[in-house]
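sharing a sequence plus its predicted fold:
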Number of protein chains: 2
Amino acid sequence: MARKTISTAFPSPRHDHAACVDEALAQAERVCAEQGRRLTPLRRRVLELVWQSHRPVTAYALLERLVQDGHRAQAPTVYRSLEFLMESGLVHRVESMNAYLGCNQPWHGHDVGIFICRVCGDVAELSDTAISRGIERGADRIGFTVESRVVEISGTCRACSGACN
Amino acid sequence: MARKTISTAFPSPRHDHAACVDEALAQAERVCAEQGRRLTPLRRRVLELVWQSHRPVTAYALLERLVQDGHRAQAPTVYRSLEFLMESGLVHRVESMNAYLGCNQPWHGHDVGIFICRVCGDVAELSDTAISRGIERGADRIGFTVESRVVEISGTCRACSGACN
DNA sequence: CATTGAAATGTTATAATTTAACGTTTCCTT
DNA sequence: AAGGAAACGTTAAATTATAACATTTCAATG
Ligand SMILES: [Zn+2]
Ligand SMILES: [Zn+2]
Ligand SMILES: [Zn+2]
Ligand SMILES: [Zn+2]
């Protein structure tokens, strides 16, 4: 478990983002190798595009970028790559935005929630056991068996929260 | 706070659902009166249709039902009514399903989460403080100010969970 | 009661997101 | 090299949602 977390909370505006991308791609290679899944050039490129920022990106935005690459791509190309990346745990779908986000802890099975700043658009992914346990407790109360969770919190990040930061 | 909760967990398959609908509509009248908002016949009818079951329903399914009523409706009609009902707190959007669900506690500001049974499709809405506090704690850790939350849990309800129920 | 402005609804068209279906190519295994 | 599966290309369509503008309803005012 000596793996590096790319960014655990909101990224600093002047962090070395190229390093985020490199790390994400390196982890993807590793994860796919472990799972025996093929990270093809196309899938790798889509993941790289997803990681262009710490913001969720729509499928069609990815498609545009692919086309800019000179790749004569259509919607299914992007959706298939995204499906693969999601199955591999490398990308999350942000349900409340119809958009996709690179996972910063792809080896970590239980994501709990993402915090979305509605000012800057950046996202922080958090694996908080308090949220997990809260959900489990609620589930227990009604005899529910949890299989998957969508936890998406909108609000403002520290940097965007006003003067005192 | 002596108000009746329509159903707090998963409804029994043989509960009196007509009573759910009646109660939901009565509460809607009350809520709208209090807020000084107009629950027009159309909006009331859409709410009634949303409450046809304890399952999320898509906008176009509602549209079909309106058309069956003889109402020559189009998509914007439904979306506008849904928007009104959501602003009034009478309906929730289920982000992970692109569908809409009648709120069973419309006077209760802080919904926390909905549990969706992927077998029967029924939904239970839960206001669990443990989840709330977990989210607040996570937010505090990263200096985030929460404005709204999407918590949608998929799994199996007690009734659908197997033999011993 | 008539006027009038705002809210609600009707109507047409289109945008945005996602998937189905089928053909072709690539790649791994034998 | 042959065969089969996986990946990708391509066309079309389904699903979900909104923009824009016209018409109607409604409540308040004079
Ligand atoms: Zn970064
Ligand atoms: Zn921000
Ligand atoms: Zn019921
Ligand atoms: Zn069930």
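Ah, there it is. Ligands and ions are numbered 1, 2, ... in the order given.

output the longest strand belonging to chain A.
For chain A, the longest strand by residue count, based on DSSP state E, is strand A:145-156.

wait, does that strand contact chain B?
Yes - using CB under 8 Å from any CB of the partner chain, strand A:145-156 reaches chain B at A:145-156. Every C-beta, even on glycine, is put in place using the N, C-alpha and C of the backbone.

and which of the residues you listed is nearest to ligand 4?
Minimum distance to ligand 4 across the residues of strand A:145-156 next to chain B is 9.9 Å, recorded for A:Thr145 (CB to the ion).

ok, that closest one to B:Arg118 distance?
For A:Thr145, the distance to B:Arg118 (CB to CB, to the nearest Å) stands at 10 Å.

overlap of the contact sets of these two?
Common contact partners of A:Thr145 and B:Arg118 (CB atoms under 8 Å, 6 or more residues apart in numbering or on different chains): B:155-156.

who has more neighbours out of those two?
Just comparing A:Thr145 and B:Arg118: by other CB atoms under 10 Å in any protein chain shown the higher neighbour count belongs to A:Thr145, 17 against 12.

that one and B:Phe115, how far apart?
10 Å.

which residues do those two both contact?
Joint contacts of A:Thr145 and B:Phe115 (CB under 8 Å, 6+ apart) are A:139, B:155.

and the helix or strand that contains A:Glu83, which residues are buried?
Applying DSSP states H and E as the criterion places A:Glu83 in helix A:75-87. By 16 or more other CB atoms under 10 Å in any protein chain shown, the buried positions in helix A:75-87 come out as A:77-78, A:81-82, A:84-85.

swap in stretch A:31-41?
A:31-32, A:37, A:39.

can you name every helix or strand that the longest helix anywhere in chain A contacts?
Of all the segments of type helix in chain A, defined by DSSP state H, the longest one is helix A:17-35. Here helix A:17-35 touches helix A:41-50, going by 3 or more CB pairs under 8 Å, 6 or more residues apart in numbering or on different chains; DSSP states H and E.

just to revisit the earlier point, pull out the buried members of the residues of strand A:145-156 next to chain B.
Judged by 16+ other CB under 10 Å, buried ones among the residues of strand A:145-156 next to chain B: A:145-146, A:149-156.

how about those in CSV, adding pLDDT and distance to ligand 1?
Output for those, formatted as CSV (pLDDT from 0 to 100; distance: CB to the ion, whole Å):
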residue, pLDDT, distance to ligand 1
A:Thr145, 97, 36
A:Val146, 96, 31
A:Arg149, 95, 25
A:Val150, 97, 24
A:Val151, 97, 22
A:Glu152, 97, 20
A:Ile153, 97, 20
A:Ser154, 97, 21
A:Gly155, 97, 20
A:Thr156, 96, 19
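
which one among the buried residues of stretch A:31-41 gets closest to ligand 1?
A:Val31 (18.5 Å).

which ones are touching the residue nearest to that closest one when sequence neighbours are not counted?
Leaving aside its sequence neighbours, A:Val31 sits nearest to A:Pro106 (CB to CB, 6 or more residues apart in numbering or on different chains; 5.1 Å). Contacts here follow CB under 8 Å, 6+ apart; on that basis A:Pro106 touches A:27-28, A:31, A:88-90.
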